[in-house]
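Colleague: with the sequence up front, the predicted model follows.
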Amino acid sequence: MLRTFHQIKDKVDSFYLYDTAERHPSQFFVKENDQIRVVNERRIGEVYAKAGVDAPALDKWVQLEEPLQLKEVLKKGQGIPTGSQVTPALLKNHLSSYSFEVIIGQEILYFELKGQDKVSRLRLEKVPYVSQETKNMWLDQAAAPSKAAMRNMNLEM
């Protein structure tokens, strides 16, 4: 099975491996749109061990049993998100899974919003001389609704 798996895994853009040892089959390895997600590390390790092959290094996706807001997951990273796509509404969304990855010195958060199958990503930028507490405070403030009252002062344009 593993030999066949290795022959076809790069030729398809999506596939799912199921653990059928239990009464209800469950996914333990997923590839969707060329994004690989290991759902059950122990099980994929058993498959490779049974085949007598060393398991390759894979991205570590965290599957959340209780959904967390994006801002809470961002607090686990080293940097803060950049870009115009980061809005208070996005920071308040709940995630079902996520993965941090460092590519050429840049930290990237890959995540799936709860109820969606699309994998999104945010680039995180490390800000020098900023403590973890300050970064967390910035994330909380960014997710909070704006409290500033706008005054018109009868100066309409």
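Modeller: Structure received.

Colleague: where does Glu22 land in three-state SS?
Modeller: coil (DSSP: H, G, I helix; E, B strand; the rest coil).

Colleague: what residue ranges in the chain score low on pLDDT?
Modeller: Along the chain, segments meeting pLDDT under 70 span 1-3, 5-6, 9, 33-39, 41, 53-59, 146-157.

Colleague: helices or strands up against the lengthiest strand in the chain?
Modeller: Ranked by residue count and defined by DSSP state E, the top strand of the chain is strand 94-103. Strand 94-103 sits against strand 62-69, helix 70-74, strand 106-113, with contacts defined as 3 or more Cβ pairs under 8 Å, 6 or more residues apart in numbering; DSSP states H and E. Every C-beta, even on glycine, is put in place using the N, C-alpha and C of the backbone.

Colleague: now render the ones you listed as CSV, adding mean neighbour count and distance to Val119.
Modeller: Listed next are those as CSV, based on neighbours: other Cβ atoms under 10 Å; distance: least, Cβ to Cβ, whole Å:
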stretch, mean neighbour count, distance to Val119
strand 62-69, 13, 13
helix 70-74, 22, 14
strand 106-113, 18, 6
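
Colleague: let's have the ones you listed in a markdown table, adding distance to Gly83.
Modeller: Shown next, in a markdown table, are these (distance: least, Cβ to Cβ, whole Å):
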| stretch | distance to Gly83 |
| --- | --- |
| strand 62-69 | 18 |
| helix 70-74 | 13 |
| strand 106-113 | 12 |
